[in-house]
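In: got a predicted structure plus its sequence, pasted below:
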Amino acid sequence: MKMKIKRLGLWICVVAIVFSAAACAQPEEPEEIITPEPTPFPETYQIFLPPYLPDALTTMALSNPVLVESKTSESAHFQLDVGGDGAEFQWVYALAAPFSYIGTGVRANSLKHFWAGETVIDFPADKIVVDENTAYIFEILWGISDRDRVQIVSTADLLENAWEIGNAFSILPFEQLEPSWQVLEVDGLSPVRKDFDKERYALVVPFTIVGSPADLVGLNFRMAQAQISTDHYTNRHADQLTTVITTGVTALVRATAFIMEASGMTYPAINIGDILREADILHINNEVPFAENCPRPFANPYNDANMIFCSKPEYIQLLEAIGTDVVELAGDHFWDWGEQAMLYTIDLYDQRGWQYYGGGRNYADGVAPALFEHNSNKIAFLGCNAKPPGYATATEIYPGAVSCDLDLMADQIASVKAEGYLPIFTFQHTEYYSYRIVESLQRDFERVADAGAVIVQGSQAHQPHGIAFYNNAFLHYGLGNLFFDQYFESAAQREAFIDRHVIYDGKHISTELIAIQFVDNARPRLMTEDERESLLTKVFAASGW
């Protein structure tokens, strides 16, 4: 019976096929096919932007010509809101503390537990200060915050409140960073670092355009038609960030040079070379000229009663190896070996494509700024020697360091700033041996800051000095030695800073103090955590913090 049923089914299929084919074979008048006109997508779509969104995010969303702001969610096609898979916007936030904070960072889990009021062993802050918008956004992500720990203040008062509290952190959008904040690592990651990995960072907030499937299809169609991509919808773009490293005294002479000849030309940079090379622009304050007739160095730095310095030409291999980009020539000893040595030194820099400033082939050459453009950031280096007459020899016809004419320097700062450059000004100023800030330097530093310099540095210092924020400028009165043989002179002269400045989208947004410790007369290394804490405690106290 089963076989018969199968066969019957087969015959039914065959008959159906035959009749169907026959029917198809009969000539008929073709019917007119009417294709309905497709309903066109709207040219623009209404989007509701909740008031707690970051201002820069709202501005970015409305830069899309397909989107028009709606004042209410009911009348809008879409709403932009926190969360969602495949989010169109990736907004980077920073964990920051007042610059006077000595620590380096926290784990993301500890931060979230502290936020929620849960027990966290040894969390390094007493408070987290945030503005109302950030609080709302992170409460969506992390849950309601503990208001004994999380303090909500106005955006304008964030920094002042954090400094007043002292031991306080803040969470704020990347675009709100400024140098008075110290950006902290979260799970070892920092958004002001070049190696920042957004995919592993806990403070990236996704924002998604929410709407009906049909409207989303139309929006995607219109955006594709207009060749608009959401790839750029973030507040941190790697191609808008520039790192500038500035350093203290380099003098490849005496015991430093002796050790280089014994251990290799690049020996002084064994422990810190990678940090220096990582900079997009590396500043070196090389105070000593190169000379072809420079004699062999001696091991004891105290044999040279006259302090007349020169460096052998092969020592420049060290400056090559660390990635030098710009050399400050305002140092006291640039003239030590005479006119030909100064001109020979500048020739060596020119051959390598390095810029120089603060000294030159003559006065006009020496006062000219060194200009850089990187990732659309424009940076100018200017400087001079502020010591009594005799150290700066540059004239209309003679090479050397340039003596400070602060009226002229102020005009130059204003000039480069008008051209869109961020001025970095470095002094070869009076040397002194304490961590404090002295009045004579303070007066001159503030003057060039008033003229528009965003970073002002004392390059002359053989030990670290204090720091200040003045008129939106970062002032560091002395960094200490980078490569120089003062290991046995004092404990303070074994300590130094390398300053890493972060420029983003034409603004100075952050500075990191990299603490180093000399191990001998030539080679510094990174400080241990305890050494760094000790140095920062002394320097911040001298800074009035």
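Out: Looks like it arrived, so ask away.

In: okay, CA-based contacts and neighbour counts for the rest of this
Out: Fine.

In: name the helix or strand of the protein that has the lowest mean pLDDT.
Out: Sorting the helices and strands of the chain by mean pLDDT, DSSP states H and E puts helix 2-25 at the bottom, at a mean of 34.

In: give me the mean pLDDT for the helix or strand following that helix.
Out: Remark: after helix 2-25, the chain's next helix or strand is strand 45-48, criterion DSSP states H and E. Model confidence over strand 45-48, given as mean pLDDT, is 97.

In: could you number the chain from 24 rather than 1 from now on?
Out: Right, with 24 as the first residue, what we last looked at is strand 68-71.

In: give me the domain ranges for the protein.
Out: The chain resolves into domains spanning 68-259, 262-565 when parsed by automatic domain parsing.

In: for His306, phi and psi?
Out: Main-chain dihedrals, His306, degrees, to the nearest 10: phi -100, psi 130.

In: tell me the bridge partners for it.
Out: When bridges are assigned using DSSP bridges, the partners listed for His306 are Val349.

In: where exactly do the strands run in the stretch 224-373 of the chain?
Out: Under the criterion DSSP state E, counting those that start in this stretch, the stretch 224-373 of the chain carries strands at the ranges 227-234, 264-269, 272-273, 304-309, 349-351.

In: of all those strands, which lies closest to Asp508?
Out: Distances from Asp508 to each of those were compared using CA to CA; the shortest belongs to strand 272-273, at 9.5 Å.

In: mind listing residues that contact stretch 117-130?
Out: Counting contacts by CA atoms under 8 Å, 6 or more residues apart in numbering, the residues outside stretch 117-130 that touch it are 146-147, 182, 185-186, 189-197, 200, 202-211, 213-214, 226, 556, 559-560, 563, 568.

In: out of the residues you listed, list just those in helices.
Out: Among those, the members found in helices (DSSP state H) are Leu182, Ala185, Trp186, Glu556, Leu559, Thr560, Phe563.

In: contacting residues for the residue nearest to Ala364 when sequence neighbours are not counted?
Out: Take Ala364 and drop its neighbours on the chain: the residue closest to it by CA to CA, 6 or more residues apart in numbering is Ala314, 5.1 Å away. Neighbour list for Ala314: Cys333, Ser334, Lys335, Pro336, Trp360, Ala364, Tyr367, Thr368 [criterion: CA under 8 Å, 6+ apart].

In: repeat that with 7 Å
Out: By CA atoms under 7 Å, 6 or more residues apart in numbering, the contact list for Ala314 reads Cys333, Ser334, Lys335, Pro336, Ala364.

In: go through this protein and flag its longest strand.
Out: Identified as the longest strand of the chain according to DSSP state E is strand 530-541.

In: that one - what's its average pLDDT?
Out: For strand 530-541, the per-residue pLDDT values average out at 98.

In: after it, next one along is what?
Out: Stepping forward along the backbone from strand 530-541, the first helix or strand reached (DSSP H and E) is strand 547-549.

In: partner strands of that following strand, parallel or antiparallel?
Out: When sheet partners are counted by DSSP bridges, strand 547-549 sits next to strand 530-541 (antiparallel).

In: what does the partner strand contact?
Out: Where contact means CA under 7 Å, 6+ apart, the residues beyond strand 530-541 that reach it are 200-202, 510, 517-526, 547-550, 555.

In: residues of that strand that come out buried?
Out: When neighbours are counted by 16 or more other CA atoms under 10 Å, the buried residues of strand 530-541 are found to be Lys530, His531, Ile532, Ser533, Thr534, Glu535, Leu536, Ala538, Ile539, Gln540, Phe541.

In: angle of it against strand 264-269?
Out: Orientation note: strand 530-541 sits at an angle of 40 degrees relative to strand 264-269 (axes from the mean of the first three to the mean of the last three CA atoms, to 10 degrees).

In: CA atoms of strand 530-541 as CSV?
Out: Listed next in CSV are the C-alpha coordinates belonging to strand 530-541 (Å, rounded to 0.1, in the frame of the first residue of the first chain):
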residue,chain,number,x,y,z
LYS,A,530,46.5,71.9,22.7
HIS,A,531,48.9,70.9,25.5
ILE,A,532,46.7,68.5,27.5
SER,A,533,49.1,66.6,29.7
THR,A,534,52.6,66.3,31.1
GLU,A,535,54.1,63.2,32.7
LEU,A,536,57.1,63.4,35.0
ILE,A,537,59.4,60.4,34.3
ALA,A,538,61.8,60.1,37.3
ILE,A,539,65.3,58.8,36.7
GLN,A,540,68.2,58.0,39.0
PHE,A,541,71.9,57.8,38.0
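
In: how far away from the center of its chain is it?
Out: Between the mean C-alpha location of strand 530-541 and the chain-wide mean there is a distance of 10 Å, by CA atoms, centre = their mean, to the nearest Å.

In: could you do stretch 361-368 as well?
Out: 36 Å.

In: Phe230 - nearest residue in space that isn't next to it in sequence?
Out: Taking CA to CA, 6+ apart, and ignoring the residues beside it in sequence, Phe230 has Val105 as its nearest neighbour in space, at 4.5 Å.

In: please read the previous query as pertaining to Ala491.
Out: Distance criterion CA to CA, 6+ apart; nearest residue to Ala491, sequence neighbours excluded, is Leu498 at 5.1 Å.

In: show the backbone phi and psi for that neighbour.
Out: phi -110, psi 120.

In: what's the neighbour count on it?
Out: The burial count assigned to Leu498 is 24, neighbours taken as other CA atoms under 10 Å.

In: test my guess that it contacts Ser482.
Out: No. Under the criterion of CA atoms under 7 Å, Leu498 makes no contact with Ser482, lying 11.6 Å away.

In: ok, Ile295 to Met550 distance?
Out: Separation of Ile295 from Met550 (CA to CA, to the nearest Å): 11 Å.

In: now do the helix or strand containing Thr82: distance to the chain's middle.
Out: Element membership for Thr82, per DSSP H and E: helix 78-85. Relative to the mean C-alpha coordinate of its chain, helix 78-85 is positioned 23 Å out (CA atoms, centre = their mean).

In: ok, now stretch 374-388?
Out: Distance of stretch 374-388 from its chain centroid, counting by CA atoms, centre = their mean, is 27 Å.

In: same thing with stretch 263-270?
Out: With CA atoms, centre = their mean, you get 6 Å for stretch 263-270.

In: quick check: buried residues in that stretch?
Out: For stretch 263-270, the buried set under the neighbour-count rule, 16+ other CA under 10 Å, comprises Leu264, Thr265, Thr266, Val267, Ile268, Thr269, Thr270.

In: distance of the last one from Asn408?
Out: Plainly put, Thr270 is 16 Å away from Asn408 if you go by CA to CA.

In: what does the first one give?
Out: Separation of Leu264 from Asn408 (CA to CA): 31 Å.

In: any low-confidence regions in the chain?
Out: The model of the chain has pLDDT under 70 over residues 24-62, 326-329.

In: mind redoing it with 90?
Out: Applying pLDDT under 90 to the predicted model, the residue ranges of the chain that meet it are 24-63, 107-110, 145, 189, 251-255, 321-331, 411-413.

In: would you map the helices across it?
Out: Assigned by DSSP H, the helices in the chain fall at 25-48, 78-85, 131-139, 155-165, 181-188, 236-248, 277-286, 296-300, 339-344, 362-374, 386-390, 429-441, 462-474, 552-565.

In: wait, which of these is closest to Leu502?
Out: Smallest distance to Leu502 across the helices of the chain (CA to CA): 10.5 Å, for helix 552-565.

In: buried ones in the closest one?
Out: Of the residues in helix 552-565, those buried under the neighbour-count criterion (16+ other CA under 10 Å) are Arg555, Glu556, Leu558, Leu559, Thr560, Lys561, Val562, Phe563, Ala565.

In: all good on my end, thank you.
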